[in-house]
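>>> Structure for the following, please:
(one chain, ligands or ions: 2)
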Amino acid sequence: MPTEVEQSRELARAFWAGKPIACPRHPGATLTGSFVQTTFADHIFLTCSRGKETLTIPQRPKQMEFYDQQVEGFVENLQRGDAILCYRCQAKMETAAKENPETGVTDYTFTCTRCFSWGRWVGKPELAKIGKD
Ligand SMILES: [Zn+2]
Ligand SMILES: [Zn+2]
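Numbers count the residues shown, from 1 in each chain. Ligands and ions are numbered 1, 2, ... in the order given. Down below sits the predicted model:
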């Protein structure tokens, strides 16, 4: 089950990519939406074709995919036990990690809990070395 943050991330990604957006609650239904700019809270507003529900995804700043080096920096912070904060909005990042116990390779996905910017990094965490002296 995706977390709420992961769900919003995927909805925003599909929206910005111009792809059909599947409703998380109604299999087979799609969401249509628009980007709404307001003075204080830009957001994506989505409406389901089947249910009457609407979804609002905050988008200030706007979602982006982090660069590889930025994501590697997150892995390094994680290794050091440092807080992982979004480069764009300084909010807390949610971390998902799947480790392969045989190879030691871990598949990380980091998602901002505020703007839903995200990045993925696959490798051995001890080899993340961006910014090392
Ligand atoms: Zn729906
Ligand atoms: Zn953010």
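
>>> What parts of the chain come near ligand 1?
Within the chain, the positions near ligand 1 by Cβ under 5 Å from the ion are 23, 25, 26, 29, 48, 51. Any C-beta I mention is one placed from the backbone N, CA and C, and that applies to glycine too.

>>> Without its sequence neighbours, what residue ends up closest to the first one?
Closest residue to residue 23 apart from its sequence neighbours, by Cβ to Cβ, 6 or more residues apart in numbering: residue 29 at 4.2 Å.

>>> From what I see, the one you found and residue 47 are in contact.
No: look at residue 29 against residue 47 with Cβ atoms under 8 Å: they stay out of range, at 10.5 Å.

>>> Common neighbours of those two, please.
Counting by Cβ atoms under 8 Å, 6 or more residues apart in numbering, residue 29 and residue 47 have no common neighbour.

>>> Show me how this structure divides into domains.
Split into domains by automatic domain parsing, the chain comes to 4-58, 68-124.

>>> residue boundaries of the helices in this protein?
4-17, 68-80 (DSSP state H).

>>> now those helices in a markdown table, with mean pLDDT and mean neighbour count?
Shown next, in a markdown table, are the helices of the chain (pLDDT from 0 to 100; neighbours: other Cβ atoms under 10 Å):
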| stretch | mean pLDDT | mean neighbour count |
| --- | --- | --- |
| helix 4-17 | 97 | 18 |
| helix 68-80 | 94 | 18 |
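
>>> Tell me which of these lies nearest to residue 114.
In terms of Cβ to Cβ, the element of the helices of the chain nearest to residue 114 is helix 4-17, at 9.3 Å.

>>> mind listing the strands for this protein?
Assigned by DSSP state E, the strands in the chain fall at 21-22, 30-36, 43-48, 54-58, 93-99, 106-112, 118-123.

>>> Run through who's touching the first one.
By Cβ under 8 Å, 6+ apart, the surrounding residues in contact with strand 21-22 are 11, 14, 15, 29, 30, 31, 32, 33, 46.

>>> mind running it again at 10 Å?
10-15, 28-33, 44, 46, 48, 55 (Cβ atoms under 10 Å, 6 or more residues apart in numbering).

>>> Okay then, goodbye and thanks.
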